[in-house]
Structures are given as structure tokens and as C-alpha cells.
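In: Below: sequence and its predicted model.
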Amino acid sequence: MKYSELRQDLVSGDWILVAPGRGRRPEEFKEKRKLKKPSKASCPFENPKNAAGGPAIAIYGKSELPSLTQTKDWRIQIVPNKYPAVLHDGFNVEMSKKGPYSVMPGVGHHELLITRDHNKNFPHLNKRDANLVFRAFRDRYSSLLDDKEIAYISIFHNWGPKAGASVYHPHYQMIAVPVVPPDTQHSLEGSKLYSKKHHKCVHCVQAKMEKQEKKRVIFENDCAIAFAPFVSRSEFEIRVFPKPHIPFFEDTPMPVIDCMVEALQKVLRALEKSLNYPDYNFFIHTAPVKGKKQYEHYHWHIEIEPKINIPAGFELSTGIEINAVDPDEAAKLLRKYV
């Protein structure tokens, strides 16, 4: 791709600018650093009991079933965040007014999922442990559905300081809030409009196009596909979709979850090898927890955002993201390392 090109996202309607002529080849986005692993001795998550904001919510050991019993051979612990963004303490969640503004208490749940091994982040967990992380996500997600005050549950992972991780030890976060976040709302509205107009799932259409064209596909298996989106907002953005049309993460059969986990691990390892262990975020986009019948048009998925560039004046002043790497070339480089 020689010239810049404006591309409009099918779901959000937002424009992004793919500008590979800005002078850097995909390989030149590789991090120029040596990865330093902090010592286990001072790590607060070596003993989650001492670092949590309360008693463990769920502990997974050899049986792979949630328990409240502390054991030496624990593999995963879900605990309340010691420094929560939201609190669940009997507040009234009714909206009120402050002048022209709408406000409500910051009610919700903020929890950490901590894995045992200090030195193994998600792409390097063995298959069984990686699958268990997502099984635990789904278990806890399903439990939080019982809270009538919750409208949306966000599951995400910050890896590295640039991605917002303040503790090196691998951990994941779940934040449940009483509102549908704006980014999710825009995605839902765009998906609904496309479905109403074309009688198709917009995400299924995207995945089908990528599978047909092949050049942006990084990895696929029986029931998951990972690709660099045609409209990538940032360099080396990756999305992983289940091939079956499933609107809700919590309704996903475990065989499909396992396929998603395999794809996620493969592409994260490819990111590490091709870009020298960049910091990144990955997160699950799923339909809200209430009013399920109105979200059948949606298609849950995982998004991966490497922290390579910092948005500057143009992006901040216009809302148009500049991507300096052609997604075709990003996928080509990543495929070498899958």
C-alpha cells in the first residue's frame, strides 16, 4: 500500500487513516528494550490473601472447580481489588441531578483474577491453565449476573506499564458497572443498524470477508478466527472472533471458549516474537447483561491493542486515529511467528 487511505468502520461509522507512508516498516515497531522481570520476593500477588481487598471469592486448584478453601496448590484466585474503582456496599444506584448533569454512585464490583506462576503471562500458560482462566472468567461472570444493579461486565488484561499494569505478576480484571459503557453502546448501535438494514450480523460479515481475502488472517482453527481488521485503529490491532454467531460471552460452550483461548495465545506469542514483547491490553467485548432479546444481533469477541504509539494532536483534536502500518503487512509479519 503506497498511499494513505481513509477507511470507515462498518460498526461504529468512525473513520481511521491508514498511513504506511510515514516512513516505518512493520519490523521497525519492535520494542528496543530488554525485558526485566521483577523479583517474586516483593510481589504482592504471590500471596493473594495479603494483597486482596477482602476474602477470596473463588479459588481454583487441581479439581478446576471453584472453592473457598485456601490450598497450597492453588492455580487461580479471584479476589476483590484492594483499590477498587467501584464499590458494592448497599448504595442506592438511582440517577440524580447536579445542575444539568446526571450522576449516580459508583456502584459495582471490581475484582482481580490472579494466576499462580509469577513468570508466565497468558500466552505462556499451558493449555490447561489458559483454558481455566477463561472458565473462571465465565463462572464469575455468570455469578455477577444475579446482581440486578449491574448492566455491564468488563473483562480485561493490562500487560506492561504502558498498558496500565502496576504489578508485574500476571493478573486480569473484572469490573461490573450499572451503566453500558459508551464504546460498547456505540458498537451495539452500529451492529443493530447494520442488522436492520442488511439482515446480517456485521461481525459475521467482517469475519467472512477476512476469511475470504486471507491476507489479514493471522490464525484460525475450527471455531475461532484471529485477524488484523481492515479498519485497524492502531498498529498491530488484532481481533479474535468465535466463528459461530454468539452474542453473549457467558453463553459460549466450553469447546468454543477453548478455541478462542488457543487463538488468543497464538497471536499474543506472535506479537511478542515480532515486536520484542510489547505492552498490550486485551479485553472482551460482549453484549450487556440485561435485555438479552434485544442484543441477538451482536457477536462477542476479543480485542488486542498493543501499546506502540501515543495519540497526538491530530488524533486528539479530530477523533480520527492514524495507523502507520497497513493491516495487510501487520498480519503478514505476525503470521511468520504463529
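Out: Cool, the structure landed. Just so it is clear, the structure is predicted and the values come from calculations on it, not from any experiment. Numbering: from 1, shown residues only.
In: what residues are up against residue 262?
Out: 127, 221, 224 (C-beta atoms under 8 Å, 6 or more residues apart in numbering). Yep, even glycine has a C-beta here, placed from its N, CA and C like the rest.
In: Now do it, the pLDDT please.
Out: Per-residue pLDDT puts residue 262 at 99.
In: Now for the contacts of residue 262, which sits with the most neighbours around it?
Out: Among the contacts of residue 262, the one with the most neighbours (other C-beta atoms under 10 Å) is residue 224, at 25 neighbours.
In: From the contacts of residue 262, pick the one nearest residue 297.
Out: Nearest to residue 297, judged by C-beta to C-beta, of the contacts of residue 262 is residue 224 at 20.2 Å.
In: beta partners for the closest one?
Out: Following DSSP bridges, residue 224 is listed with bridge partners residue 242.
In: my guess is it meets residue 255, correct?
Out: No - checked against C-beta atoms under 8 Å, the pair residue 224 and residue 255 is beyond contact range at 10.4 Å.
In: Could you pull out the residues contacting both of those two?
Out: When C-beta under 8 Å, 6+ apart defines a contact, no residue borders residue 224 and residue 255 alike.
In: Report the outermost residue of the chain with respect to its centre.
Out: residue 99 (35.7 Å; C-alpha atoms, centre = their mean).
In: Can you lay out the contacts of residue 262 as CSV showing distance to residue 178 and pLDDT?
Out: Below are the contacts of residue 262 laid out as CSV (distance: C-beta to C-beta, whole Å; pLDDT from 0 to 100):
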residue, distance to residue 178, pLDDT
127, 36, 97
221, 37, 98
224, 31, 99
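In: any idea which of the residues you listed is closest to residue 9?
Out: residue 224 (21.6 Å).
In: Which parts of the stretch 201-338 of the chain are helices?
Out: Using DSSP state H, counting those that start in this stretch, the helices of the stretch 201-338 of the chain run over residues 202-213, 254-275, 313-318, 327-335.
In: so which of these gets nearest residue 113?
Out: Across these, closest to residue 113 is helix 254-275 (C-beta to C-beta), at 14.0 Å.
In: any idea of the angle that closest one forms with helix 327-335?
Out: For helix 254-275 against helix 327-335, the angle by axes from the mean of the first three to the mean of the last three C-alpha atoms, to 10 degrees is 100 degrees.
In: CA atoms of stretch 305-317 as PDB?
Out: Only the C-alpha atoms of stretch 305-317 are listed here, as PDB (Å, rounded to 0.1, in the frame of the first residue of the first chain):
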ATOM      1  CA  GLU A 305      -4.300  -3.400  21.400                       C
ATOM      2  CA  PRO A 306      -0.500  -3.200  21.500                       C
ATOM      3  CA  LYS A 307       0.800  -0.100  23.100                       C
ATOM      4  CA  ILE A 308       3.100   1.100  20.300                       C
ATOM      5  CA  ASN A 309       2.200   4.700  19.500                       C
ATOM      6  CA  ILE A 310       0.900   7.600  21.600                       C
ATOM      7  CA  PRO A 311      -2.100   9.500  20.200                       C
ATOM      8  CA  ALA A 312      -1.000  13.100  19.300                       C
ATOM      9  CA  GLY A 313      -2.700  16.300  18.300                       C
ATOM     10  CA  PHE A 314      -4.400  15.200  15.200                       C
ATOM     11  CA  GLU A 315      -6.000  12.100  16.800                       C
ATOM     12  CA  LEU A 316      -7.000  14.100  19.900                       C
ATOM     13  CA  SER A 317      -8.500  17.000  18.000                       C
END
